[in-house]
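1. sequence and predicted structure are below.
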Amino acid sequence: MSEQKPIKYHEEVNFPTTTFFDSIAKITDDTNFPEGQLLGFLGRSNSGKSSLLNAITNHKGLAKVSKTPGKTKLINVFTTKHGFSLVDLPGFGYSKASLKEHKEMMTLIETFLNRISSLKFLFILCDAQRTFPEEEMQMIETAVTKKIQPVVIRTKADKLNQKGKNEVQKDMEVVMNELGYPFPLFFVSSTTGKGINELRKFILSKTGVM
Ligand SMILES: Nc1nc2c(ncn2[C@@H]2O[C@H](COP(=O)(O)OP(=O)(O)OP(=O)(O)O)[C@@H](O)[C@H]2O)c(=O)[nH]1
Ligand SMILES: [Mg+2]
C-alpha cells in the first residue's frame, strides 16, 4: 500500500473547544457529570477511543493515548463549550488485565449505561481489521433497549484498502440485519483524518449545534 498523506481535516468542520472535566472511578448518587447531553465512546482496549477523541476535538493531548493497551481504566469526561460532553469509557477486553480488573471495568461501564440518563449516544468503536465481536453486538442491543442511540465506528481505516472496506461494510450490513436495527456506521482514521469531518458533522447535527 502506498503511504497516505495526512489531510488537513481539522480545518473543514470546526468542533467546539473541549476541555477535561473529570476522571471517574466509581459511580454513586453523588457522582457529578456535566449538565447537558453525554456522548459515550466505548470499545476494546486499543480500539482507538482516546485517539479518536483527540482527532474529533483537534486537541492532541486531551485524552491519553498509549503504546501499551489498557491505559484508560477510568471514565474520562470532556466537556465542550456548546454544552454537550464526550465520555471516554474504559477499554475492555485487555488480555493482560486481571479477571478482577476486567470485572471492575465492566461493572463501571454497565453502571454508567444503566444510571446516567443524560447519555444519549453510545459510539461503539471497533478496529476495522477485526471481525465485529459478539459482545459489541450485545452492546448495540443494550443501548437500543435503554433508548441510547448506538453508532458503530470502525477505527484505523487507514489499514484497509477499498476492497477491505467494502467487505467490512457488507459484514456490518449482516450485523444490522441480524439485530434488525440499522445503526449509523462510520469508517474513520485518527492517523489520516479520514471520516473525522463526517463524524464531527454527525455529532454537531445531533447535538443541535449545526
Ligand atoms: N494506524 C492507526 N493507528 C491508530 C489509530 N487510532 C489509534 N491508533 C493506535 O492504536 C493504539 C491505541 O490507541 P488508543 O487511542 O490509546 O486506544 P484506546 O481505545 O483509547 O485504548 P485504551 O485506553 O487502552 O482502552 C495507539 O498506539 C494508537 O496510536 C488509527 O486511526 N490508525
Ligand atoms: Mg484510551
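-> On my side now, so go ahead. Ligands and ions are numbered 1, 2, ... in the order given.

2. which bits of the chain sit near ligand 1?
-> Those residues of the chain that sit near ligand 1, judged by CB under 6 Å from any ligand atom, are 43, 45-51, 65-67, 69-72, 91, 155-156, 158-159, 189-191. From N, CA and C alone the C-beta is placed, and that goes for glycine too.

3. in helices, which of those residues fall?
-> Counting by DSSP state H, the residues of the chain next to ligand 1 place K49, S50, S51 in helices.

4. angles on the backbone of the nearest residue to the last one once chain neighbours are set aside, please.
-> Right, the one you point to is S51. On the basis of CB to CB, 6 or more residues apart in numbering, the spatially nearest residue to S51 that is not a chain neighbour turns out to be S190, at 4.0 Å. With angles defined as degrees, to the nearest 10, S190 sits at phi -70, psi -20.

5. tell me the bridge partners for the residue nearest the centre of the chain.
-> Of all residues in the chain, the one closest to the mean position by CA atoms, centre = their mean is F41, 2.9 Å from it. Here F41 shows beta-bridge partners D88, F123, assigned using DSSP bridges.

6. so it sits right up against F121, yeah?
-> No - counting by CB atoms under 8 Å, F41 sits too far from F121 to count as a contact (9.3 Å).

7. quick one: the strands in this structure, in order.
-> For the chain, strands defined by DSSP state E occupy the ranges 18-24, 38-43, 75-80, 85-88, 119-127, 149-155, 185-187.

8. now the helix or strand bottoming out on mean pLDDT in the chain against strand 119-127, angle please.
-> Sorting the helices and strands of the chain by mean pLDDT, DSSP states H and E puts helix 99-115 at the bottom, at a mean of 89. Angular relation of helix 99-115 and strand 119-127 on a 0 to 180 degree scale: 140 degrees, by axes from the mean of the first three to the mean of the last three CA atoms, to 10 degrees.

9. buried stuff in helix 99-115?
-> By neighbour count, and taking 16 or more other CB atoms under 10 Å as the criterion, the buried residues in helix 99-115 are E104, M105, L108, I109, F112, L113.

10. just the buried ones from the residues of the chain next to ligand 1, in PyMOL syntax?
-> One line in PyMOL is enough to select the buried members of these, burial here meaning 16+ other CB under 10 Å:
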select buried, resi 43+45+46+47+48+49+50+51+65+69+70+71+72+91+155+156+158+189+190+191
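
11. give me the below-cutoff pLDDT ranges for the chain.
-> Low-confidence segments of the chain (pLDDT under 70): 1-11, 69-72.

12. 80 instead, please
-> The model of the chain has pLDDT under 80 over residues 1-11, 66-72, 94-97, 210.

13. the residue of the chain found nearest ligand 1 and K206, how far apart?
-> For the chain and ligand 1, the shortest gap (CB to the nearest ligand atom) falls at G91, measuring 2.0 Å. As for G91, its distance to K206 is 24 Å (criterion: CB to CB, to the nearest Å).

14. cool, and F20?
-> Taken as CB to CB, the spacing of F20 relative to K206 amounts to 23 Å.
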